[in-house]
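Student: mind looking at a prediction? Sequence and model below.
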Amino acid sequence: MPTHHEIIAAHYAASAVGDLEGMLAPLTESTLWTEAAGLPSAGTYQGPDEVRTHVFEAIAREFDRYAFTLESLLDAGDAQVAVGTYTGTHRKTGKSFTARVAHVWRLEDGKAVTFEQIVDSVPVRDSTA
């Protein structure tokens, strides 16, 4: 069985190539996924279907070239912390942004229990105005 670190590393590898199914693989129907306040997709969603609809599909509708660049993935056993940068361009305004971000994952038995996004939401919000 892969380690928690390997599971989350695979999530980011899938993200890098646009593989949504691979990105959702660590989630279960009870996983709670929290997007930071101040973002268009802010809120807490449960399970892969809600995350797909309210996070990834919503982002794709609102932004062009939205990407997360992973800089480091810190292994703390049942907790995994990713640090990186979001970039993208808002479709309606044409404004681009760069925002620092951290993702805090908690896992049990090889599946994500929670995901929390901590982000400098001001650059993202400013791109929408």
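Tutor: Right, received. Where do you want to start?
Student: from here on, just use CA atoms for contacts and neighbour counts.
Tutor: Fine.
Student: show me where this structure has its strands.
Tutor: Counting by DSSP state E, the chain has strands at residues 32-35, 43-46, 63-76, 79-90, 96-108, 111-119.
Student: right, and those - which one's nearest E21?
Tutor: Nearest to E21, of all the strands of the chain, is strand 111-119, at 14.5 Å by CA to CA.
Student: tell me the angle the closest one makes with strand 96-108.
Tutor: Counting by axes from the mean of the first three to the mean of the last three CA atoms, to 10 degrees, strand 111-119 lies at 150 degrees to strand 96-108.
Student: so what strands line up beside strand 111-119?
Tutor: Paired strands of strand 111-119, with direction, are strand 32-35 (parallel), strand 96-108 (antiparallel) (DSSP bridges).
Student: distance between the first one and the chain's centre?
Tutor: What separates the centre of strand 32-35 from the centre of its chain is 9 Å, taken as CA atoms, centre = their mean, to the nearest Å.
Student: can you check stretch 100-113 too?
Tutor: The chain centre lies 10 Å from the centre of stretch 100-113; the measure is CA atoms, centre = their mean.
Student: again with stretch 55-62
Tutor: 11 Å.
Student: what residues of that stretch count as buried?
Tutor: Burial within stretch 55-62, assessed by neighbour count using 16 or more other CA atoms under 10 Å, is assigned to V55, I59, E62.
Student: out of the strands of the chain, nearest to D126?
Tutor: So among those, strand 96-108 is nearest, using CA to CA, at 8.0 Å.
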